[in-house]
Each structure stands twice: as C-alpha cells, then as structure tokens.
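*Asks:* after the sequence you'll find the predicted model.
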Amino acid sequence: MAKQLVMFISKFEANYGSRVREYFPGYSIKAITEQVSMVALAADLTKRTGAQDAIVCCAHLTKLLAKYHDKMLDVKKISAHSYRGSVFYAFGVKFLILGTTQFLVYNKQDQWLFRRYAQKITNPNFPVFPELDWRVLNPTNIDQFYEEAKSALLMSIDIETAIRKVNPAYTQMTEGRNKFSGMWFMGYPTATAKKMVPIIPIITMVGYTILLRTHDGKLVSKTGVLYINSMIDIVYMRRFNALEAPKVMQNGGYEATYFARYNAPARNYLYDTYIAMHAWLVELSRDLAFITSLFDGGYIYWKQEAEHNLAEYNAKDCHNTLWSMVHIISQWPQWAVDNYTENFRMQFPCITCGIEGFAVNQTEMTRLRVEREKLVEKNIKRLEKLVCVGFNPNSSQQVLKLMHGLGFKKAKSTDKATLADFIDSHPLYDIIGNLIKEVRKDRKAISTYFTLPLMDGRLLYELNPGGTDTGRLASKASNLWCGTQIQNQPLYTKSMYVADPGYVLNSADNAQSESRCTAYMSEDAGLMEAVESPLDFHKTNSTKFFGLKYEEITKPIRDTGKKVNHGANYNMGARVLLQTMGRKAVVQAARLLNLPRNWGLIDICEYLLQCFDNAYPDVRGKYYKEVIQEVMSTGMLKGATGWTRRCFEVPSKENKLVLNSYVAHGPQSLSVKIINKTFFEAWLYLQIEKSLLRFKAQVHDDLIWQDKPEHTASNAEWISSRMARPTTVRGREMVIPNDLKTGGSTWLELKD
DNA sequence: TGATAAGGCGCC
DNA sequence: AAAGGGCGCCTTATCA
C-alpha cells in the first residue's frame, strides 16, 4: 500500500502540485489548498488522511510553524523562503518545508533542492545532526572543556564581532603619534552612518564545537561559547585556537582577520564549509543556514535568533559548521575534493594580503580629493545655470526627466552609453551631457576612492577565493569595517598607494591572459596565431578582421578591432555592440572600412561582429557547441587544470545569457587558475619561508608585491619564470608570457 | 530612521 | 523581443 503524505499548497499554486509529486515516488499525496489557521489544525488534517508526514509548499503554514517553534519570532519580519528545508515536528506530524513550487518548471536549482529535501521524508537514512549540547564557558567548566578539546577529531570555530566607539581621549596624539594607532581608526560606526568617528572592531564572543569519539566508536560533539571580556578570555581563546585539532570554519577568512589582531591564530585550519561548497556546488548559495539545510535531516532555520540569545545562536553556528563539514566530507564527489585541494590553500595568501593592506600616502589622497571637489563645484554651478538650481546629475531619475524634457525621448536609462548617444545628438546636449558625465566621474572618485576609512594609514581589504563562479578571487572592503575592495582601483588613484619605507613595489601581469585561454580552449587556428604573434595583439586582430595590412592599422582602426574583439568574446549582439562603441565610433568605423553608405548602424555592427566570426570561426562556432554539449551531457565544465564547475543551467541559443556565462567561464577560470598556482607557490616560498617579499594583491591576471630593492631582481625572476610555465590545453602547450614592472615607489609607477 | 531595490560605474 | 562575462560599492529613491 502506498505511503500517505499530505501536501499543503496555496490554491494559486495548486496546478504545480503534480510537479512536487515527482519527488515522492511511491507516495500517495493528498493536496490541501485551504489556508489553515493553526498548526494543530494542519496536523489534524494530516492525521485524518492516515498520514504522519506533511510537506509544506505555502508561505502561510510555514510561518505558522516557525512561530509555533519559536514563540519569540516576529512573523512580519521573516521570509518563508529562508525556512526551506526545515523540518518541524508538531502534534505527532513531521512537516517538511519545501517552499514555493511555481519555479520548479524551469529552475534547475529548485528541482535539485526539492530532490534533496524530499529525501528527508523518503530516505529513512537521511542523516540528522546530533542534538546541540552547549554551555557558556566560565571558570568552573572551561578547563575541563579545554582538556576534552585536546583530543578532538575536528573543531569548529565561529566568532561574533562588534564595532565599538572609542573614547576620544584615547585617540589623542602625543609626539606626533597616537599610541593606540592600528587598534582604532576613523570609520563609520554603523553601516548607514554618515559621519566618521573613532571606532574599534572587537570580538565579543568565540564559540567552539569539538568532535569526539566515544568508547563505542560513536561520533558526538560538544559546544562551548566564550565571552571575550577580559585579557584572560583572550588568553583562553589563544589556547583553544592553538590546539592541534583540525579546524573548520564557515568562510574562515573572517575569523582569521580578527584572530590576527588578537594574536590568536587558528592552528591547522584545514576545512572550510564555505570553500568546500564553492568547490562542489558553486552556483548554489553558500550561507551557513543554507548549507546546513542540505545536510541536516532535522534542520530548522535559526538565523533569526541572533537578536534573542547571541550565545546560543553562536553555538548553533559552531555546531552546524562542524556537522555540515563532517557530512560534506562523507558525501562530496572526488572532483569536488580535487577542486577544494586546489583552491582552499588560496585562503592564506588572500588573508595576509588583506590584513597587511596597502600603505596610503594621505597627503596625495587629500590632494586628489580636493582637486576633484573643485571640479565638482565648478561643474555643478554651470549645470545649475543651464538646468535649474538643485539639479542633481547623480540622480538617474532627474537626468532622465531632463533628457525627455529636452526632446531626447528615446532615452530609457541615463547610463554611460545613453549619455554618449545624447551627447552626440545635439550641440546643446553635448554641453549638458558632458557636464553630467564629468560630475558623475568626479563624485565617483571622491566617494568611492578618496573618502575611505583607513587603518593606521593603510587600506585594508578582503580577497576571497570562494567568491566567484569562475574561480576568480572576489574582493571587498575589510572585515574590520575599513578600506574598500582592491580589484577595481582606477588608474587615477594609484599614485596614492605606496610601498612601505625601505621597500619597492613590483608587479607581474599575464599578457592577453584570457584571450590566450580562449584561443587554446577553442583551438581556433587564427586566434592561436594572433595571440602567439610577437606583433601587437589588437593590430593583428584588426588585420584579420578587416583584411588590411599591418602597416595600415591606424589607431582608430585598432580601437575598432579591440572593441569588436571584446564584444564578440562576450557574445554581444549588434545592438549592444553599438551601445558600447557609441554611435560616433560606429559611423567612423564604417567610413574607415569603406562600408556601403546606406547601411544603418545595426547593419554596421552586425558586419563588424561577422568580421570576428570570419577571422576566428571556431570560437563562436565550434567552441560554443562544445560547451553546450559538455554541459548538456555531463552537467559540468571541466578546465585544463582539472577545476570543475557543476552547472545547473541549460545553455542554448534560446538561453543566450546562460550560454554567455558558460562560454565565458572556461577562459576566465583557466586564466586565474594558472596565475593562482604561482601566486600560492611564491607566497609560500618567498613570503612565508624566506621572508623575501610581501604580496599586496592579485588582480585577476596581475600579481602585486613589495620587496627590498636588493631582492627585487631575484624575486621577479622567480615569479615571472614560474608564471610562464606551460599548461597543457587540449594537448597543446600553452605559455602565457608576463610583463614585469619593478622598483616602483607608488602603484602608479607600475603602469605604462 | 533603517532597509531594500535600482541605477550606475570602477576593475579585469 | 532581446539579452556582454566576472565582481563590489556608492547614490538615489522608496517604503514601512
């Protein structure tokens, strides 16, 4: 006899019920579409059908169950979505939250999730995490907990942090210096604060879960939470962190940043749930609650609890980090292990780069800011005269109204491309449009790059090896509430980033890194020839695109070739190419290439893209087909270094954006995997073992470091030669040469 | 007032 | 109908 199951689903989604049934083969499912007012009623309805299990696809009952489970909950504040995968027991019924069903039709991630979550009912062996066993650590129990932790098989760590305002008395300068410099800094006390005040980031609490084996071989865990209020607490934190047991954290880069400040490094940090899920299911979300929902058959969403009981919340984080890692290790496939092995180690150079940061010449920073502020002031005055007092060029809404008001009706947005079109359309537009452009650029410079909270005169940041789908590093502001991301610094800021006293700055930049990868991955003969040519890459492209001799390639033609190459690489359509090139450039290109006078702008752009396809037919032809084929048949994309991406989407000509992201993946991923190999090796040998240099950052195809002048030549040779090691791509040896720049006193000096 | 979405834009 | 890849940060506008 079929097992009974009840499905609570809103009447609006009732049609999708059949989709849900597919995930429960062998079950007889009765759908209930009426809104029940109480959990007890839902349980009663379930039991009346003879079922003991219910699946919940509607937000209404989800919220009732959440409230039933946690009476403190403010139902208005929660989203039912975050409870997906939760299992509630109430009145003798097991309720599994599955969530909304309407996207099941085409959303592969939802399909995968439903399959996974359904097993919490269909598979009696679905693992359930042990019950949380936790205590606040205090003088009566901490030493015993420490003794037990000594024999832990695995130990998770999680910290809670806070920003505290600093008494200004402690920020006074004596003899030109403040003795607490580097502990506090001028920053924003809340995420939305407008004014900088002296603040200090601190650890308020650290939690540990230890994994132990009992006499009869069972795995059990215990969790201890330590409030950090005194120096004694810090000493205990140092001792726990220094224990032999392998550590696991959820994105431990965060913890590591704080531990560095407390001189409390976590020893044997070998496991990371965040980096592990990045290695395995990179396209899925990676927050701890979501990860836990995948592995714990008894999971209940807990992230709303932080405000009620921070210590218990912290304990749950630790507990779930530990047990998630245990189950990841028992379930992930070999290729994910290989990914992890290749990528987890990048955490360490990333951490040292971010906590050391970049020294900033603050006199230069101020000079650059004041320069821009004057420009803004001048241009705003002119704009107010031309438009109206109070006109704000940073308001897209105001600018759009202005464009429409001046008769430029076709504007749909006010971005760069539209603004360029606007400027080209009328002499008056030209004046106003350029003023808008200028003010935006200057304000961007001021707000994003010249008004930065610095830590003791340094820009701090994070580099995150688990932050992107392709394996590139992601970058953002420091976890210490200062700095900003380091990978999008414009050229005009680079004069304010300087080497530390006694050091010089250096960089090694992989030349045409992604284009080389595209050439070798697609095996396009023409593109391989172009990237290997000793001549200028974009001029060479232009000869192939436009059938001209190398000597005939003028700068405007080279620029056209560059843009066409760029556009085709990302599989642009003619319309978008027109937008990015701008009308003027397209008209000019048509004239330079003697294209028929009667062609429209789109015709010209289509022709230009066709030039790329004629020159390099295997890129958008053969290679794209192969990518589609690989994803459709294996659900994965495997790169030349072995890095493998699990793909959930379906690429096709009809699904252009998905196709674009998958065809862009290969070269972007391979390029960064190649440079990261050298980044790690150089960091380990030259920085950690030999103390001969200090890395500043990796910017996708660029490594930046500082060293003492007497070590520059040998370090540069060490790094440059290894960056240029061959990689086998589809049976061919690919070498990416690099440009070395050495001996700079500022970052700007490393640029041409 | 604080949170969020959308628009815009910096880099490779 | 048409769709440029990968990121993070800042501003404006809006809403509760």
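*Replies:* On my side now, so go ahead.

*Asks:* what packs against the helix or strand containing residue A:321?
*Replies:* Taking DSSP states H and E as the definition, residue A:321 sits inside helix A:310-331. Packed against helix A:310-331 by the contact rule (3 or more CB pairs under 8 Å, 6 or more residues apart in numbering; DSSP states H and E) you find strand A:134-136, strand A:154-165, strand A:197-213, strand A:219-227, strand A:247-249, helix A:273-280, helix A:288-295. Bear in mind the C-beta positions are built from the backbone N, C-alpha and C, glycine included.

*Asks:* that one to helix A:273-280, inter-axis angle?
*Replies:* The directions of helix A:310-331 and helix A:273-280 differ by 30 degrees, with axes from the mean of the first three to the mean of the last three CA atoms, to 10 degrees as the criterion.

*Asks:* ok now helix A:310-331, how far from the chain's centre?
*Replies:* 22 Å (CA atoms, centre = their mean, to the nearest Å).

*Asks:* and stretch A:55-67, by the same measure?
*Replies:* For stretch A:55-67, the distance to the chain centre is 31 Å (CA atoms, centre = their mean).

*Asks:* what of stretch A:708-715?
*Replies:* On the basis of CA atoms, centre = their mean, the separation between the geometric centre of stretch A:708-715 and that of its chain is 34 Å.

*Asks:* give the buried residues for it.
*Replies:* Buried positions in stretch A:708-715, judged by neighbour count with 16 or more other CB atoms under 10 Å: A:711, A:712, A:715.

*Asks:* circling back to that earlier point, so the helix holding residue A:321 versus strand A:197-213, what angle?
*Replies:* For helix A:310-331 against strand A:197-213, the angle by the same axes, to 10 degrees is 50 degrees.

*Asks:* near DNA strand C at all, the longest helix along chain A?
*Replies:* The longest helix of chain A (DSSP state H) is helix A:656-682. Yes - Helix A:656-682 reaches DNA strand C (CB under 7 Å from any atom of the strand) through A:656, A:657, A:660, A:661, A:664, A:665, A:668.

*Asks:* how many other residues sit next to residue A:230?
*Replies:* When counting by other CB atoms under 10 Å, one arrives at 9 neighbours for residue A:230.

*Asks:* hmm, I was thinking of residue A:455
*Replies:* Residue A:455, neighbours per other CB under 10 Å, totals 24.

*Asks:* same check, this time on residue A:550
*Replies:* When neighbours are defined as other CB under 10 Å, residue A:550 has 12 of them.

*Asks:* chain neighbours aside, what residue packs nearest to it?
*Replies:* In space, and not counting its chain neighbours, residue A:550 is closest to residue A:543: 5.4 Å by CB to CB, 6 or more residues apart in numbering.

*Asks:* quick check, that neighbour in a helix?
*Replies:* Yes - assessed with DSSP: H, G, I helix; E, B strand; the rest coil, residue A:543 lies in a helix.

*Asks:* just to revisit the earlier point, for PyMOL, write the select line for the buried members of the residues of helix A:656-682 next to DNA strand C.
*Replies:* Those of the residues of helix A:656-682 next to DNA strand C that count as buried under 16+ other CB under 10 Å are selected in PyMOL with:
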select buried, chain A and resi 660+661+664+665+668
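
*Asks:* farthest pair in the residues of helix A:656-682 next to DNA strand C?
*Replies:* Maximum pairwise distance among the residues of helix A:656-682 next to DNA strand C (CB to CB): 17.7 Å, between A:656 and A:668.

*Asks:* residues in contact with the residue most central in space within chain A?
*Replies:* Nearest to the geometric centre of chain A sits residue A:467, at 3.1 Å (CA atoms, centre = their mean). Listed by CB atoms under 8 Å, 6 or more residues apart in numbering, the contact set of residue A:467 reads A:278, A:473, A:474, A:475.
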